[in-house]
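Novice: Everything below, folded, please.
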Amino acid sequence: MYHTNYQHWLQNRPSQFQGNQRALATLLINLEETEEEIEVLQNLHADLLSRIAEMQQRILIEQGCFASRAFKV
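Specialist: Model prediction:
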């Protein structure tokens, strides 16, 4: 029984390896696409942080202008 199972296993191995290779290739493609998407999201995050910092500066400047006007009155 063991010998027969071993022969069957050996005969099916090449197709099993081909299936594994296809699965690994698919995983590699998905990984590369995911890495690209992560890079895009990181760039978007950096851009948004920059815009937030600019808006905060504008708000502080405007608040400073209003505060100085309040003291002049």
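Novice: Helices of the chain, residue ranges please.
Specialist: 2-72 (DSSP state H).
Novice: Show the low-confidence segments of it, by residue range.
Specialist: Applying pLDDT under 70 to the chain flags the ranges 1-4, 6-7, 9-10, 67, 69-73.
Novice: switch the cut-off to 90
Specialist: 1-21, 62-73 (pLDDT under 90).
Novice: Just give me how far stretch 26-41 sits from the chain centre.
Specialist: Offset of stretch 26-41 from its chain centre (CA atoms, centre = their mean, to the nearest Å): 7 Å.
Novice: do stretch 12-26 as well
Specialist: Centre to centre, stretch against its chain (CA atoms, centre = their mean), the figure for stretch 12-26 is 27 Å.
Novice: Give me the contact list for that stretch.
Specialist: Outside stretch 12-26, not one residue touches it by CB atoms under 8 Å, 6 or more residues apart in numbering. Just so you know, the C-beta spots here come from the backbone N, C-alpha and C atoms, and that holds for glycine as well.
Novice: Mind listing what's buried along it?
Specialist: Within stretch 12-26, no residue is scored as buried using 16 or more other CB atoms under 10 Å.
Novice: distance of residue 11 from residue 17?
Specialist: Residue 11 sits 12 Å away from residue 17, going by CB to CB, to the nearest Å.
Novice: ok, now residue 44?
Specialist: 40 Å.
Novice: With residue 5 instead?
Specialist: Distance, residue 5 to residue 17, using CB to CB: 18 Å.
Novice: Kindly report the same for residue 46.
Specialist: Distance of residue 46 to residue 17, computed by CB to CB: 43 Å.
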